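Enquirer: Sequence first, predicted coordinates after that:
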Amino acid sequence: MLRLYNEQTRQLEPFQPQGDVATIYVCGITPYDTTHLGHAFTYLSFDVLIRYWEHLGYAVRYVQNVTDIDDDVLRKSREVDEDWLALGNRWTTHFMRDLRDLNVRPPDVFPRATDVIPEMFHAIGALISKGLAYEADGNVYYSVAANPHFGKLSGLPKEEWLPTANERGNNPEDPLKRDPLDFVLWQAHQPGEPVWESPWGPGRPGWHIECSTMANAYLGSTVDVHGGGADLAFPHHECETAQMCGVTGQEQFARFWLHTAMVRYQGEKMSKSLGNLIWARDLLAHHSPDAIRLMVNAHPYYETWEYDEAEMDPADRLSEQLLIAVSAPSGEEAPLPVGDAVTRFEEALDDNLNTRQALAALEDFSERIIEAANDGQSVAEAQEALRRLCRVFGLRLDGTFEPRVQVGWERHLQRFQ
Ligand SMILES: [Zn+2]
């Protein structure tokens, strides 16, 4: 039985989808730069979860968004003097190609935040009518003080709320706010910014309302898993759940909240603001996608780790070893039993996606296959089992694309060109 660490309850809980289809929403990128290893870690970790669900026989509906309108996009667009939409489309297509080349299963829906503006009006209107949001001079703010459950998801101590929010986009100086922690749902039009008409006047949406509205629009009022990087836990996910529970009246917006740990490089968190970035595209220029996935997924999603290029060596070797194992000629001697290889692999992933242990099981299994094939044993059945397990890690082995990966990303790419 798959057990996942649920950030909401802070414990390991058995996971089963609530309906016929397992639903997952993962916060996507804000497209003003390309894909670094921190992003890759998030999307490759969730790719393993989704692929493992499929391996277990669940149908999956996966939504990942693009935060196409946001302070960062507009700032960058002014800096480089490029239209915000063209800039966003350019970086989104880079990102999609990176994920495609890493053989990431494409999301079923890949919406832009601006696809759901009318739905945001509905959500914001509901929050105002319930006394959870207020209008001020063409802006609408969520009233944090009106929600006694605020802060429960992240568990962050109250004294850290404001400094953390300020680091991550909050403007405490805004004189229209009743409380510096209140966050913007709709912001009045500023000169030079794109604009939408709304019931509160012209303007654009706030960041947090975008994600919760997309999740609700494409997956319904409760999702099985809501995921994202750990730096989104507060305030982004806290605000998302506050809003959506306010709109629906439900106690929870996601049944499970999962956060991927941070990737460090040269002693610090890898981040755009620090500039200490390793780009997925640069790694792809020197290593196979399989080797990159093996290196990244050797780190379970919940462990902070530091990138060291020396880690690519064992990953390159394992990638070659797996290819040798699945393509070794099968002999006539007694067949190699699959034995406990599949169980060991599944037990590792059942344990809150311990990808490190699952990869160790793959490595051992591939060694046994190579030895048995060298001894002239029949390994066809074991090879088939190994291929099946490799698919959970999105490994391409002999380099051929999964057709659904190519077709799925191509379909999404067309909307951003
Ligand atoms: Zn989000």
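Expert: Great, that's in hand. Just so we're clear, the structure is a prediction, and the values are computed from it rather than from any experiment. Numbers count the residues shown, from 1 in each chain.
Enquirer: Report the closest residue of the stretch 151-300 of the chain relative to the ion.
Expert: residue 211 (3.1 Å; C-beta to the ion). Backbone N, C-alpha and C define where each C-beta goes, glycine included.
Enquirer: residues near that residue, how many?
Expert: Neighbourhood size, residue 211 [other C-beta atoms under 10 Å]: 27.
Enquirer: Please enumerate the helices of the stretch 51-200 of the chain.
Expert: In the stretch 51-200 of the chain, the helices defined using DSSP state H, counting those that start in this stretch lie at 71-80, 84-101, 117-129, 158-167.
Enquirer: between the ones you listed, which gets nearest to residue 201?
Expert: helix 117-129 (12.0 Å; C-beta to C-beta).
Enquirer: quick revisit: how about the helices of the stretch 51-200 of the chain in JSON lines, adding mean pLDDT?
Expert: Shown next, in JSON lines, are these (pLDDT from 0 to 100):
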{"stretch": "helix 71-80", "mean pLDDT": "90"}
{"stretch": "helix 84-101", "mean pLDDT": "93"}
{"stretch": "helix 117-129", "mean pLDDT": "98"}
{"stretch": "helix 158-167", "mean pLDDT": "96"}
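Enquirer: Deepest-packed of the ones you listed, please.
Expert: When you average the neighbours per residue for each of the helices of the stretch 51-200 of the chain (mean count of other C-beta atoms under 10 Å), helix 84-101 leads with a mean of 20.
Enquirer: Could you pick out the residues of the chain near the ion for me?
Expert: Contacts of the chain with the ion, taken as C-beta under 5 Å from the ion, map to 27, 211.
Enquirer: And the worst-scoring helix or strand of the chain on mean pLDDT, how far out from the chain middle?
Expert: Within the chain, no helix or strand scores below strand 268-269, which has a mean of 86 by mean pLDDT, DSSP states H and E. In terms of C-alpha atoms, centre = their mean, to the nearest Å, the gap separating the centre of strand 268-269 from the centre of its chain is 20 Å.
Enquirer: Would you mark the buried spots in the helix or strand just after that strand?
Expert: Sequence-wise, the next helix or strand downstream of strand 268-269 (DSSP states H and E) is helix 280-286. Across helix 280-286, burial judged by 16 or more other C-beta atoms under 10 Å covers 280, 283, 284.
Enquirer: Kindly report the same for stretch 368-386.
Expert: Those would be 368, 369, 370, 372, 373, 377, 378, 379, 382, 383, 385, 386, for stretch 368-386 by 16+ other C-beta under 10 Å.
Enquirer: Stretch 43-56 too?
Expert: 43-53, 55-56.
Enquirer: What mean pLDDT does that stretch get?
Expert: Stretch 43-56 shows a mean pLDDT of 98 in the predicted model.
Enquirer: next one: stretch 234-250
Expert: 96.
Enquirer: For that stretch, which outside residues touch it?
Expert: 27, 123, 126-127, 130, 132-133, 142, 144, 147, 149-151, 153-154, 156, 161, 164-165, 168, 170, 183, 185, 207-209, 211-212, 215-216, 221-222, 226, 228, 251-254, 257, 259 (C-beta atoms under 8 Å, 6 or more residues apart in numbering).
Enquirer: could you redo the last one with a cut-off of 7 Å?
Expert: If you take C-beta atoms under 7 Å, 6 or more residues apart in numbering as the criterion, stretch 234-250 is touched by 123, 126-127, 130, 132, 142, 147, 150-151, 153-154, 156, 164-165, 168, 170, 183, 208-209, 211-212, 216, 221-222, 226, 228, 251-253, 257.
Enquirer: In PyMOL, how would I select just the buried ones from the residues you listed?
Expert: With 16+ other C-beta under 10 Å as the burial test, the buried ones among the contacts of stretch 234-250 are selected in PyMOL as follows:
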select buried, resi 123+126+127+132+142+147+150+151+153+154+156+164+165+170+183+208+209+211+212+216+222+226+228+252+253+257
